[in-house]
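[1] Pasting the sequence and the predicted model now:
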Protein chains: 2
Amino acid sequence: MRLETLLGIDVPVIQAPMAGSQGSALAIAVADAGGLGSLPCAVLGLGAMRDEIAAIRAATAKPFNVNFFCHATPAPDAAREAAWRQALAPYFAEYGIDPATVPVGPGRRPFDAEIAAGLADLRPPIVSFHFGLPADDLLARVRRWGAMVMATATTVAEACWLEARGVDVVIAQGLEAGGHRGHFLTEDPSLQMGTLALVRQVVRAVRVPVVAAGGIADAAGVAAARALGAAGVQVGTAYLSCPEAATSALHRAALASDAADTTAVTNLFTGRPARAIVNRLIRDLGPMSALAPAFPTAAFALAPLRAKAESLGRDDFSPLWAGQSARVGERVGAAELTRTLAAGFAGGA
Amino acid sequence: MRLETLLGIDVPVIQAPMAGSQGSALAIAVADAGGLGSLPCAVLGLGAMRDEIAAIRAATAKPFNVNFFCHATPAPDAAREAAWRQALAPYFAEYGIDPATVPVGPGRRPFDAEIAAGLADLRPPIVSFHFGLPADDLLARVRRWGAMVMATATTVAEACWLEARGVDVVIAQGLEAGGHRGHFLTEDPSLQMGTLALVRQVVRAVRVPVVAAGGIADAAGVAAARALGAAGVQVGTAYLSCPEAATSALHRAALASDAADTTAVTNLFTGRPARAIVNRLIRDLGPMSALAPAFPTAAFALAPLRAKAESLGRDDFSPLWAGQSARVGERVGAAELTRTLAAGFAGGA
């Protein structure tokens, strides 16, 4: 079945969920243009999630996607947290912050029974997962209200694993992609592939529709994905510069600058590998560091540094999520961007 | 001008030069099928180069490409070499090899005045360079006999640098590519992009024809490259399994096995980053190591280990060069592979 039919959308363009950088406004604009708008729920409480879904439904009758992370919440690790704060000590000193005052919060929350129960009343038509899938009973609850399920694969093995568990759509996330890598079967970076190589191999390996993600930012990129056999595309970074996104001014400026040419997969900001524009923290500590505590706790100690630096107009500690084609996209509204991308499918391949 | 017209070929498919794994036989088969066959000259002496070019000319009237590396030969560094042999000491002991007996040879040779002089008589129609370009006077000599010049770019900046120096064709080498990374303006891995992202951005940045390389192994990959605006493709790994290649049996077996799913960019084998299937040496020392001496000298100490291990049927120290789509290509002859790839251009995009 065509992806459009399966998801009830007009054009096979999915706006990637980008936690912290967008809410319902972006999803609504994309949905109204015929694409699939996504609401990232990893950093929302149940109340905010409810409000955002209500906002989407008030604005459009189109289907939409709610996205969740499926990580295991790590056990508290005081020693590792202390070592991390020690590594950041020079910055705390520089910015006059007492690291002892930095709270350890709940952080990004995995999809769990409480969310599943809250969501069951709301019956979002499409649910997508990152970092694998929730436990079987939770996934069964999602299916019970008739939701289509999408999930991210970064290897052929992950794609086959997802298909075997009944996922309706596999999102093949290549190395070009911005934000968190979705791998879940292995952390071996030697298995992570570029989008062109990955999409082709996933398309050959599974029978469900495959959505290409990573480095796609214009109609030509979409046409390439289609040539590889993808049924659709998921685009994130290009949407970050839309007025409907909640992207910070600092982040927008970085995306539009030469700095965006230099990105790295880094675990510093959250504890899990994610692609971001290289900034001071990454330069200082190296993109991948054993010092960063487990996802999502690495973010806690950085939060006050980030807030203080941002208040001074500096992006030294901000996660400037970006894929490798940040410079390719046009700076237009989300509806126009969606139509521009969709033209890559219409153009034939 | 179309790439085919520029190079005098029938289909815009370039067989990537693969030093150590192929000679004239593969180049001839590709040329006869209408693609561009390449002769890797980095490990050939002048005499062998002459013989191989004569063999191509005796077999076909089609144009062909001769390829050279443009590295600076490093000054001898006894301390670094000693540290490297120390790191390899357990292997020398295991295989009963006395490291003191390991010769330090000339190794891979950069394009130099002697080669330029020798080549001037032979007037190969197309010359390609990896790791940048030779000095201006040497490049001028190549141009004097009317050769078309191609060179590898791994970033937009490198592509613009090459175009500014009059290169006729830019080969955009994405991260998926097997073998040596062609970067030359910077070693920063954060600037290295996946093929999809790189090709699109290079196409937008330069006016000369762009050839896409990295992870392209079938007609769909070629169609994707075309959709991105590439004028042609360069394919390496898929040709390694052709009967016309000189690929070792161990290498062929690895390419056809599950091991080929796990590749890494490693500097262990030569001192420069290159993508290979992860084997024992890479697992033991990590893919990128400060211990590996400068290109090409890292290969010296490994040579007897590799020879001994290979004689025992083991690939522990062999550079199993491979891109990220090793499992995609069909196991067919070079002519059929060339025609199959060319169909990706003919198919429309």
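    Happy to help now that I have it.

[2] How about the residues of the stretch 51-200 of chain A by chain B?
    A:155-157, A:174-176, A:188-191, A:193-198, A:200 (Cβ under 8 Å from any Cβ of the partner chain). Quick note: C-beta positions are derived from backbone N, CA and C, even for glycine.

[3] repeat for the stretch 201-349 of chain A
    So the stretch 201-349 of chain A meets chain B at A:201, A:203-204, A:214-218, A:220-221, A:223-229, A:261-264, A:278, A:287, A:323-325, A:327-328, A:344, A:348-349 (Cβ under 8 Å from any Cβ).

[4] packing partners for the strand or helix carrying A:Ala140?
    Assigned by DSSP states H and E, A:Ala140 falls within helix A:136-144. Contact analysis of helix A:136-144 by 3 or more Cβ pairs under 8 Å, 6 or more residues apart in numbering or on different chains; DSSP states H and E lists helix A:113-122, strand A:148-153 as its packing neighbours.

[5] Point out the most buried one among these.
    strand A:148-153 (a mean of 26; mean count of other Cβ atoms under 10 Å in any protein chain shown).

[6] any idea which helix or strand comes after that strand?
    If you walk from strand A:148-153 toward the C-terminus, the next helix or strand you reach (DSSP H and E) is helix A:156-164.

[7] Quick one: end-to-end length of stretch A:322-342, please.
    Separation of the first and last residues of stretch A:322-342 by Cα to Cα, to the nearest Å is 21 Å.

[8] before we move on, back to that, quick check: angle from the helix holding A:Ala140 to strand A:148-153?
    130 degrees (axes from the mean of the first three to the mean of the last three Cα atoms, to 10 degrees).

[9] starting at the chain centroid, how far to helix A:136-144?
    Taking Cα atoms, centre = their mean, to the nearest Å, the mean C-alpha location of helix A:136-144 is offset from the chain mean by 22 Å.

[10] So which residues make contact with that helix?
    The set of residues that contact helix A:136-144 without belonging to it, under Cβ atoms under 8 Å, 6 or more residues apart in numbering or on different chains, is A:111-113, A:116-117, A:119-120, A:127, A:133-134, A:149, A:165-166.

[11] rerun at 10 Å
    In this structure, residues lying in contact with helix A:136-144 by Cβ atoms under 10 Å, 6 or more residues apart in numbering or on different chains are A:66, A:68, A:70, A:110-113, A:115-117, A:119-120, A:123-124, A:127, A:129, A:133-135, A:147-149, A:151, A:165-168.

[12] Flag every buried residue along it.
    With burial defined by 16 or more other Cβ atoms under 10 Å in any protein chain shown, the residues of helix A:136-144 counted as buried are A:138-139, A:141-142.

[13] Kindly report the same for stretch A:239-252.
    Across stretch A:239-252, burial judged by 16+ other Cβ under 10 Å covers A:239-242, A:244-245, A:247-248, A:250-252.

[14] on that earlier part again, now, which of the residues of the stretch 201-349 of chain A next to chain B lie within strands?
    Helix and strand membership here follows DSSP state E; of those, those in strands are A:263-264.

[15] Select only the buried ones of the residues of the stretch 201-349 of chain A next to chain B in ChimeraX?
    Selection of buried members from those for ChimeraX, criterion 16+ other Cβ under 10 Å:
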select /A:201,203,204,214,215,216,217,218,220,221,223,224,225,226,227,228,229,261,262,263,264,278,287,323,324,325,327,328,344,349
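
[16] Would you map the helices across the stretch 1-150 of chain A?
    When secondary structure is read from DSSP state H, counting those that start in this stretch, the stretch 1-150 of chain A shows helices at A:3-7, A:24-32, A:46-59, A:78-87, A:89-94, A:113-122, A:136-144.

[17] check contacts around the closest residue to A:Pro103 other than its chain neighbours.
    Spatial nearest neighbour of A:Pro103, excluding adjacent residues (Cβ to Cβ, 6 or more residues apart in numbering or on different chains): A:Phe300 at 7.2 Å. For A:Phe300, the residues meeting the contact criterion (Cβ under 10 Å, 6+ apart) are A:81, A:84-85, A:102-107, A:270-271, A:293.

[18] and those residues as a markdown table, adding distance to A:Arg306, neighbour count and pLDDT?
    As requested, these are arranged in a markdown table below (distance: Cβ to Cβ, whole Å; neighbours: other Cβ atoms under 10 Å in any protein chain shown; pLDDT from 0 to 100):
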| residue | distance to A:Arg306 | neighbour count | pLDDT |
| --- | --- | --- | --- |
| A:Glu81 | 17 | 18 | 93 |
| A:Trp84 | 14 | 23 | 96 |
| A:Arg85 | 14 | 17 | 95 |
| A:Val102 | 11 | 18 | 85 |
| A:Pro103 | 14 | 8 | 81 |
| A:Val104 | 16 | 12 | 76 |
| A:Gly105 | 14 | 11 | 70 |
| A:Pro106 | 18 | 10 | 67 |
| A:Gly107 | 14 | 18 | 75 |
| A:Thr270 | 12 | 25 | 96 |
| A:Gly271 | 15 | 23 | 97 |
| A:Pro293 | 16 | 24 | 96 |
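
[19] which one among those gets closest to chain B?
    A:Thr270 (18.3 Å; Cβ to the nearest Cβ).

[20] ok, so what distance separates the closest residue to A:Ala219 other than its chain neighbours from B:Cys160?
    With Cβ to Cβ, 6+ apart as the criterion, A:Ala219 has its nearest non-adjacent residue at 3.5 Å, and that residue is A:Gly344. Counting by Cβ to Cβ, to the nearest Å, the gap between A:Gly344 and B:Cys160 amounts to 25 Å.
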